[in-house]
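1. Below: sequence and its predicted model.
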Amino acid sequence: MATLSYPFSLFAMKDLDKTDLDILLQLSSIRALWGQITPALRSVSSELQDRVVVWQCIFDKYATEVDFELMRSAAAEVLGDFGDSKLREQITIVPAPSEMEHLKNLIYLRHEANNYRQ
């Protein structure tokens, strides 16, 4: 992996392969979630698309505006790590136990198997 200064510049990362970029995004995303996860959050995934950080949060039906704001704050922290990139947030509600679709890097997934019986 190349030596990088912090915050990371996607322009300076042109020598990194996609795997290295995904690892940096995963680590940044995990750190951004520290202390931000609420019970209504079902999953968080992220992905780099060109110079855009895509941040997807899927909530259960009882999520509140406070829940959404915590994830927007976490997304801003990730964006701060990738200084010259743009951010596209995808915040959606998918009631459990409905199936979810995730982006390339699954960062957080709530345990739900014991909560629902078919």
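-> That came through fine. Residues are numbered from 1 along each chain as shown.
2. Angles on the backbone of Leu79, please.
-> phi -60, psi -40 (degrees, to the nearest 10).
3. Measure how buried it is and give me the count.
-> As a burial measure, Leu79 scores 18 neighbours (other C-beta atoms under 10 Å). Glycine gets a C-beta too; all of them are placed from N, C-alpha and C.
4. go on, Phe59?
-> Neighbour count for Phe59, taken as other C-beta under 10 Å: 23.
5. Would you confirm that it contacts Pro95?
-> No: using C-beta atoms under 8 Å, Phe59 makes no contact with Pro95, being 9.1 Å away.
6. Output the below-cut-off pLDDT ranges for this protein.
-> 1-18, 114-118 (pLDDT under 70).
7. What are the boundaries of the helices in this protein?
-> Along the chain, counting by DSSP state H, helices occupy 18-33, 65-81.
8. any chance of those helices in TSV, plus distance to His102?
-> TSV is the format used below for those (distance: least, C-beta to C-beta, whole Å):
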stretch	distance to His102
helix 18-33	12
helix 65-81	15
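9. for those helices, which one sits closest to Lys104?
-> helix 18-33 (6.9 Å; C-beta to C-beta).
10. name the helices or strands packed onto the closest one?
-> strand 41-49, helix 65-81, strand 105-109 (3 or more C-beta pairs under 8 Å, 6 or more residues apart in numbering; DSSP states H and E).
11. most tightly surrounded among those?
-> strand 41-49 (a mean of 20; mean count of other C-beta atoms under 10 Å).
12. For that one, which outside residues touch it?
-> Applying C-beta atoms under 8 Å, 6 or more residues apart in numbering, the contact partners of strand 41-49 are 10, 18, 21-22, 25-26, 29, 33, 53-60, 63, 67, 71, 74, 78, 85, 88, 94, 96, 100, 102-110, 112.
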